[in-house]
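Participant: Show me the folded form of this:
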Amino acid sequence: MEKGTGEVRLVKVDAGNFDDLIDLEVNEDQKGFVARNIYSLAEAYATLQSGDCVQPFGIYAGDEPVGFLMIGYFLRHDDAEEEEEDEEEERPYYFYESYLFWRFMIDKEHQRKGYGRQAMKLALDYIRTFPFGKADYCWLSYEPENDVARRIYSSFGFVEEPALPRGWDEIPAVLKL
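Facilitator: The predicted model follows:
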């Protein structure tokens, strides 16, 4: 494996790096595994407008953007009681008041250089500062056929949940913080 050059760091998304991060892409055979960055940034905006917490980051090697990740934190909202009871589904224990490793991608030109592993460590270090509130868990999900994701997440201590929540086709994995 060729090692990357430059120190890996996470940079909060802002007007200055937005365009560079939108241009990053995964390999063609990985496109079904992660949403496009422009969609993720729109989802982050909508999440903030809904009162939940989210922080998108660019992953940089030196001054070059090499990837994107997004972290969320969801609270139970009082207005959830107003929803139709039959529409309210049981959420798993790790869903609320925990951190979600929501998006994670390394650009196709920068894969297999160790950037993903370094970024994952930095992101978990950030989460453990509890920037949005205290939590016991961090969770994520991935497509069942994404063996690369399974291996990297497992190597950081994420444990697959045996039961999929209703309607999910991705595998959830949980890390005790």
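Participant: Helices along the chain, start to end?
Facilitator: Counting by DSSP state H, the chain has helices at residues 18-22, 37-49, 115-127, 147-155.
Participant: which stretches of this structure have low pLDDT?
Facilitator: For the chain, the stretches flagged by pLDDT under 70 are 1-6, 77-89.
Participant: 50 instead?
Facilitator: 1-3, 79-86 (pLDDT under 50).
Participant: Give the buried residues for stretch 98-116.
Facilitator: 98-107, 110-111, 113-116 (16 or more other Cβ atoms under 10 Å). C-betas here are computed from N, CA, C, even on glycine.
Participant: Check the gap between residue 8 and residue 174 for me.
Facilitator: To residue 174, residue 8 is 25 Å away according to Cβ to Cβ, to the nearest Å.
Participant: show me where this structure has strands.
Facilitator: 8-12, 53-61, 64-73, 99-106, 137-142, 159-160, 171-176 (DSSP state E).
Participant: Turn the ones you listed into TSV, including distance to residue 131.
Facilitator: Formatted as TSV, the strands of the chain follow (distance: least, Cβ to Cβ, whole Å):
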stretch	distance to residue 131
strand 8-12	11
strand 53-61	7
strand 64-73	8
strand 99-106	9
strand 137-142	12
strand 159-160	23
strand 171-176	16
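Participant: just so I know, which of these lies nearest residue 23?
Facilitator: With Cβ to Cβ as the measure, strand 64-73 is the member of the strands of the chain nearest residue 23 (8.2 Å).
Participant: could you give the angle of that closest one to strand 53-61?
Facilitator: 160 degrees (axes from the mean of the first three to the mean of the last three Cα atoms, to 10 degrees).
Participant: Just the buried residues of strand 64-73, please?
Facilitator: For strand 64-73, the neighbour count (16+ other Cβ under 10 Å) marks 65-73 as buried.
Participant: how far does it sit from the chain's center?
Facilitator: Counting by Cα atoms, centre = their mean, to the nearest Å, strand 64-73 is centred 7 Å from the centre of its parent chain.
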